[in-house]
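Enquirer: curious how this folds, go ahead:
(one chain, ligands or ions: 2)
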Amino acid sequence: MPARIHPLHAMPTFRIAPSILSADFARLGEEVRDVVAAGADFIHFDVMDNHYVPNLTIGPLICEAIRPHVQVPIDVHLMVKPVDRIIPDFAKAGASIITFHPEASDHFDRTLQLIRDQGCKAGLVFNPGTPLHYLEHVMDKIDIILIMSVNPGFGGQSFIPQALKKISAARKLIDASGRDILLEVDGGIKIDNIGAAARAGADTFVAGSAIFGKPDYKDVIDAMRAELRQVQA
Ligand code: DX5
Ligand code: ZN
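Expert: Residues are numbered from 1 along each chain as shown. Ligands and ions are numbered 1, 2, ... in the order given. Down below sits the predicted model:
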(Lines give C-alpha, C1' and ligand atoms only; values in the text may rest on other atoms or scores of the structure.)
(Ligands and ions follow the chains in the order given, each with its own letter.)
Protein backbone atom coordinates (compact mmCIF):
# COMPACT_ATOMS: atom_id res chain seq x y z
CA MET A 1 0.00 0.00 0.00
CA PRO A 2 1.48 3.42 -0.87
CA ALA A 3 2.23 5.80 1.99
CA ARG A 4 -0.52 8.36 2.45
CA ILE A 5 0.91 11.83 2.20
CA HIS A 6 -1.04 14.53 3.91
CA PRO A 7 -1.31 17.14 1.15
CA LEU A 8 -1.40 20.32 3.22
CA HIS A 9 1.27 19.64 5.82
CA ALA A 10 4.78 18.25 5.81
CA MET A 11 3.81 16.03 8.73
CA PRO A 12 4.43 12.33 9.08
CA THR A 13 1.91 10.09 7.33
CA PHE A 14 0.94 8.41 10.60
CA ARG A 15 0.37 10.31 13.81
CA ILE A 16 0.49 9.00 17.36
CA ALA A 17 -1.74 10.84 19.83
CA PRO A 18 -1.10 9.75 23.44
CA SER A 19 -4.18 10.19 25.63
CA ILE A 20 -3.31 11.94 28.87
CA LEU A 21 -6.23 10.16 30.53
CA SER A 22 -3.68 7.59 31.69
CA ALA A 23 -1.00 10.15 32.63
CA ASP A 24 -0.03 11.13 36.17
CA PHE A 25 -2.23 14.21 36.69
CA ALA A 26 -0.13 15.35 39.63
CA ARG A 27 2.77 15.88 37.18
CA LEU A 28 0.89 16.73 34.00
CA GLY A 29 3.29 19.37 32.60
CA GLU A 30 6.21 16.97 32.89
CA GLU A 31 4.12 14.11 31.47
CA VAL A 32 3.18 15.99 28.30
CA ARG A 33 6.73 17.25 27.79
CA ASP A 34 8.06 13.72 28.22
CA VAL A 35 5.61 12.14 25.81
CA VAL A 36 6.31 14.76 23.14
CA ALA A 37 10.05 14.24 23.63
CA ALA A 38 9.33 10.52 23.15
CA GLY A 39 7.79 11.25 19.74
CA ALA A 40 4.09 12.08 20.22
CA ASP A 41 2.54 14.00 17.30
CA PHE A 42 -0.58 15.21 19.15
CA ILE A 43 -1.69 15.35 22.78
CA HIS A 44 -5.12 13.66 23.00
CA PHE A 45 -7.22 15.37 25.67
CA ASP A 46 -10.28 13.41 26.90
CA VAL A 47 -13.06 15.56 28.33
CA MET A 48 -15.77 13.64 30.22
CA ASP A 49 -18.73 15.22 32.00
CA ASN A 50 -20.39 12.50 34.15
CA HIS A 51 -23.50 12.97 32.00
CA TYR A 52 -22.81 12.00 28.39
CA VAL A 53 -20.34 9.43 29.74
CA PRO A 54 -20.12 8.00 33.27
CA ASN A 55 -16.83 9.63 34.22
CA LEU A 56 -15.54 13.11 35.02
CA THR A 57 -12.14 14.32 33.85
CA ILE A 58 -10.58 17.57 32.75
CA GLY A 59 -11.68 20.88 31.24
CA PRO A 60 -10.39 24.09 29.65
CA LEU A 61 -8.35 25.12 32.72
CA ILE A 62 -6.15 22.05 32.37
CA CYS A 63 -5.88 22.55 28.61
CA GLU A 64 -4.66 26.10 29.22
CA ALA A 65 -2.23 24.87 31.87
CA ILE A 66 -0.52 22.34 29.58
CA ARG A 67 -0.57 24.50 26.43
CA PRO A 68 2.74 26.30 27.16
CA HIS A 69 4.52 23.01 27.84
CA VAL A 70 4.30 21.57 24.30
CA GLN A 71 4.29 22.77 20.70
CA VAL A 72 2.26 19.90 19.19
CA PRO A 73 -1.48 20.19 18.50
CA ILE A 74 -3.83 19.50 21.43
CA ASP A 75 -6.56 17.16 20.18
CA VAL A 76 -9.60 17.75 22.40
CA HIS A 77 -12.09 14.86 22.43
CA LEU A 78 -15.34 16.13 23.95
CA MET A 79 -17.48 13.48 25.63
CA VAL A 80 -19.92 16.07 26.93
CA LYS A 81 -23.56 17.05 26.46
CA PRO A 82 -24.44 19.76 25.60
CA VAL A 83 -21.43 20.57 23.44
CA ASP A 84 -21.62 24.12 22.12
CA ARG A 85 -21.20 26.19 25.27
CA ILE A 86 -17.79 24.78 26.10
CA ILE A 87 -16.25 25.16 22.61
CA PRO A 88 -15.12 28.81 22.83
CA ASP A 89 -13.56 28.04 26.22
CA PHE A 90 -11.44 25.27 24.72
CA ALA A 91 -10.49 27.42 21.72
CA LYS A 92 -9.27 30.12 24.11
CA ALA A 93 -7.44 27.49 26.17
CA GLY A 94 -5.35 26.54 23.13
CA ALA A 95 -7.13 23.53 21.63
CA SER A 96 -6.03 22.86 18.06
CA ILE A 97 -8.56 20.16 17.17
CA ILE A 98 -12.00 19.71 18.76
CA THR A 99 -14.05 16.56 18.15
CA PHE A 100 -17.46 15.69 19.59
CA HIS A 101 -20.11 12.98 19.40
CA PRO A 102 -22.94 13.91 17.00
CA GLU A 103 -25.61 12.38 19.30
CA ALA A 104 -24.54 14.87 21.99
CA SER A 105 -25.38 17.94 19.91
CA ASP A 106 -28.91 18.88 18.82
CA HIS A 107 -27.52 20.70 15.77
CA PHE A 108 -24.21 19.12 14.91
CA ASP A 109 -23.76 20.99 11.63
CA ARG A 110 -23.87 24.22 13.63
CA THR A 111 -21.45 22.78 16.19
CA LEU A 112 -18.94 21.87 13.47
CA GLN A 113 -19.16 25.40 12.08
CA LEU A 114 -18.77 26.87 15.57
CA ILE A 115 -15.52 24.94 16.08
CA ARG A 116 -14.08 26.19 12.79
CA ASP A 117 -15.27 29.75 13.52
CA GLN A 118 -13.20 29.56 16.69
CA GLY A 119 -10.13 28.76 14.59
CA CYS A 120 -9.89 25.04 15.42
CA LYS A 121 -10.03 21.91 13.28
CA ALA A 122 -13.39 20.14 13.67
CA GLY A 123 -14.42 16.51 13.76
CA LEU A 124 -17.10 13.98 14.60
CA VAL A 125 -16.61 10.96 16.87
CA PHE A 126 -18.38 7.65 16.26
CA ASN A 127 -19.14 5.28 19.13
CA PRO A 128 -19.03 1.56 18.32
CA GLY A 129 -22.83 1.58 17.84
CA THR A 130 -23.09 4.88 15.96
CA PRO A 131 -23.55 4.70 12.19
CA LEU A 132 -21.35 6.72 9.86
CA HIS A 133 -24.34 8.20 8.10
CA TYR A 134 -24.05 11.34 10.23
CA LEU A 135 -21.24 12.25 7.83
CA GLU A 136 -23.39 12.33 4.74
CA HIS A 137 -24.19 16.04 4.59
CA VAL A 138 -21.27 17.53 6.51
CA MET A 139 -18.09 16.23 4.87
CA ASP A 140 -17.21 19.78 3.81
CA LYS A 141 -17.19 20.89 7.46
CA ILE A 142 -14.97 18.08 8.75
CA ASP A 143 -11.20 17.98 9.26
CA ILE A 144 -11.02 14.74 11.25
CA ILE A 145 -13.14 11.63 11.81
CA LEU A 146 -12.60 9.73 15.06
CA ILE A 147 -13.70 6.10 15.23
CA MET A 148 -14.10 4.76 18.78
CA SER A 149 -12.85 1.23 19.24
CA VAL A 150 -14.23 1.13 22.80
CA ASN A 151 -17.34 2.64 24.32
CA PRO A 152 -16.27 6.02 25.67
CA GLY A 153 -15.81 6.72 29.35
CA PHE A 154 -12.69 4.94 30.54
CA GLY A 155 -9.11 4.22 29.58
CA GLY A 156 -7.69 0.73 29.59
CA GLN A 157 -10.56 -1.08 27.83
CA SER A 158 -10.10 -3.75 25.15
CA PHE A 159 -10.16 -2.91 21.45
CA ILE A 160 -13.48 -3.88 19.82
CA PRO A 161 -12.49 -5.63 16.56
CA GLN A 162 -15.65 -4.55 14.68
CA ALA A 163 -14.12 -1.07 14.65
CA LEU A 164 -11.81 -2.20 11.83
CA LYS A 165 -14.74 -2.50 9.42
CA LYS A 166 -15.95 0.95 10.34
CA ILE A 167 -12.45 2.39 9.85
CA SER A 168 -12.38 0.86 6.33
CA ALA A 169 -15.81 2.32 5.58
CA ALA A 170 -14.74 5.76 6.80
CA ARG A 171 -11.54 5.52 4.72
CA LYS A 172 -13.62 4.89 1.61
CA LEU A 173 -15.81 7.92 2.35
CA ILE A 174 -12.77 10.14 2.86
CA ASP A 175 -11.05 8.94 -0.30
CA ALA A 176 -14.26 9.36 -2.32
CA SER A 177 -14.65 12.90 -0.99
CA GLY A 178 -11.15 13.85 -2.13
CA ARG A 179 -10.89 15.98 1.00
CA ASP A 180 -8.03 16.40 3.41
CA ILE A 181 -9.55 14.61 6.44
CA LEU A 182 -7.66 12.73 9.14
CA LEU A 183 -8.94 9.31 10.24
CA GLU A 184 -8.27 8.70 13.92
CA VAL A 185 -8.94 5.60 16.02
CA ASP A 186 -9.35 5.70 19.81
CA GLY A 187 -9.59 2.92 22.38
CA GLY A 188 -7.51 -0.12 23.23
CA ILE A 189 -4.76 0.68 20.72
CA LYS A 190 -1.57 -1.23 21.53
CA ILE A 191 1.64 -2.23 19.74
CA ASP A 192 0.02 -5.48 18.62
CA ASN A 193 -3.10 -4.00 16.98
CA ILE A 194 -1.94 -0.61 15.65
CA GLY A 195 -0.88 -2.25 12.37
CA ALA A 196 -4.34 -3.71 11.81
CA ALA A 197 -5.94 -0.32 12.43
CA ALA A 198 -3.52 1.29 9.96
CA ARG A 199 -4.21 -1.39 7.34
CA ALA A 200 -7.93 -0.71 7.74
CA GLY A 201 -7.21 2.92 6.84
CA ALA A 202 -6.55 4.86 10.06
CA ASP A 203 -3.75 7.44 10.00
CA THR A 204 -3.93 8.84 13.54
CA PHE A 205 -3.77 6.62 16.63
CA VAL A 206 -4.84 7.47 20.16
CA ALA A 207 -3.18 5.39 22.86
CA GLY A 208 -3.52 6.05 26.56
CA SER A 209 -2.74 3.09 28.80
CA ALA A 210 -0.39 1.53 26.21
CA ILE A 211 1.93 4.54 26.49
CA PHE A 212 1.40 6.15 29.91
CA GLY A 213 1.07 2.74 31.53
CA LYS A 214 4.67 1.88 30.61
CA PRO A 215 7.88 3.26 32.14
CA ASP A 216 9.53 4.24 28.83
CA TYR A 217 7.20 6.17 26.51
CA LYS A 218 9.78 6.24 23.70
CA ASP A 219 10.08 2.46 23.69
CA VAL A 220 6.34 2.13 23.12
CA ILE A 221 6.08 4.90 20.50
CA ASP A 222 9.12 3.53 18.64
CA ALA A 223 7.58 0.04 18.65
CA MET A 224 4.29 1.47 17.35
CA ARG A 225 6.13 3.30 14.56
CA ALA A 226 7.98 0.11 13.65
CA GLU A 227 4.60 -1.61 13.23
CA LEU A 228 3.36 1.31 11.13
CA ARG A 229 6.46 1.18 8.89
CA GLN A 230 5.55 -2.39 8.02
CA VAL A 231 2.16 -1.16 6.83
CA GLN A 232 3.78 1.51 4.65
CA ALA A 233 6.35 -0.88 3.16
C1 DX5 B 1 -12.10 6.62 26.05
C2 DX5 B 1 -11.13 7.73 25.63
C3 DX5 B 1 -9.85 7.22 25.08
C4 DX5 B 1 -9.09 6.34 26.02
C5 DX5 B 1 -7.86 5.77 25.40
O6 DX5 B 1 -13.32 7.16 26.38
O7 DX5 B 1 -11.72 8.54 24.63
O8 DX5 B 1 -9.05 8.28 24.58
O9 DX5 B 1 -8.77 6.98 27.18
O10 DX5 B 1 -7.26 4.99 26.38
P11 DX5 B 1 -6.73 3.52 26.08
O12 DX5 B 1 -5.70 3.66 25.00
O13 DX5 B 1 -6.18 3.10 27.38
O14 DX5 B 1 -7.92 2.71 25.61
ZN1 ZN C 1 -10.42 9.96 23.43
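Enquirer: contacts only, for the residue in the chain positioned nearest to ligand 1.
Expert: Closest contact between the chain and ligand 1, by Cβ to the nearest ligand atom, is at G208 (2.8 Å). For every residue, glycine as well, the C-beta is placed using N, CA and C. Residues near G208 by Cβ atoms under 8 Å, 6 or more residues apart in numbering: 18-22, 44, 46, 155-156.
Enquirer: ditto for I86
Expert: Taking Cβ under 8 Å, 6+ apart, we find I86 in contact with 47, 59-60, 78, 80.
Enquirer: go on, I145?
Expert: Contacts of I145 by Cβ under 8 Å, 6+ apart are 123-124, 126, 135, 170, 174, 181-184.
Enquirer: now, among those residues, which is nearest to Q162?
Expert: Nearest to Q162 among those, counting by Cβ to Cβ, is F126 at 11.7 Å.
Enquirer: what's the burial count for the residue nearest to the closest one when sequence neighbours are not counted?
Expert: Leaving aside its sequence neighbours, F126 sits nearest to I147 (Cβ to Cβ, 6 or more residues apart in numbering; 5.4 Å). Neighbour count of I147, defined by other Cβ atoms under 10 Å: 29.
Enquirer: confirm I147 sits in a strand?
Expert: Yes. I147: assigned to a strand according to DSSP: H, G, I helix; E, B strand; the rest coil.
Enquirer: please name the nearest non-neighbouring residue to K92.
Expert: K92 sits nearest to P60 (Cβ to Cβ, 6+ apart), 7.2 Å away.
Enquirer: hmm, the one you found is touching I87, no?
Expert: No. Look at P60 against I87 with Cβ atoms under 8 Å: they stay out of range, at 9.8 Å.
Enquirer: still on that earlier bit, most surrounded residue in the contacts of G208?
Expert: P18 (30 neighbours).
Enquirer: so how far is G195 from T99?
Expert: 24 Å (Cβ to Cβ, to the nearest Å).
Enquirer: looking at those two, which is more packed in?
Expert: Of the pair T99 and G195, T99 is the one with more neighbours under other Cβ under 10 Å, namely 27 against 16.
Enquirer: quick one: that one is in a strand?
Expert: Yes. Using three-state DSSP, the assignment for T99 is a strand.
Enquirer: I'd like the distance between it and G59.
Expert: 16 Å.
Enquirer: R179 too?
Expert: 31 Å.
Enquirer: now distance to ligand 2, secondary structure and pLDDT too, for the contacts of I145, in a markdown table please.
Expert: Below are the contacts of I145 laid out as a markdown table (distance: Cβ to the ion, whole Å; DSSP: H, G, I helix; E, B strand; the rest coil; pLDDT from 0 to 100):
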| residue | distance to ligand 2 | secondary structure | pLDDT |
| --- | --- | --- | --- |
| G123 | 11 | strand | 98 |
| L124 | 13 | strand | 99 |
| F126 | 12 | strand | 98 |
| L135 | 19 | helix | 98 |
| A170 | 16 | helix | 98 |
| I174 | 20 | helix | 97 |
| I181 | 18 | coil | 98 |
| L182 | 14 | strand | 98 |
| L183 | 14 | strand | 98 |
| E184 | 9 | strand | 98 |
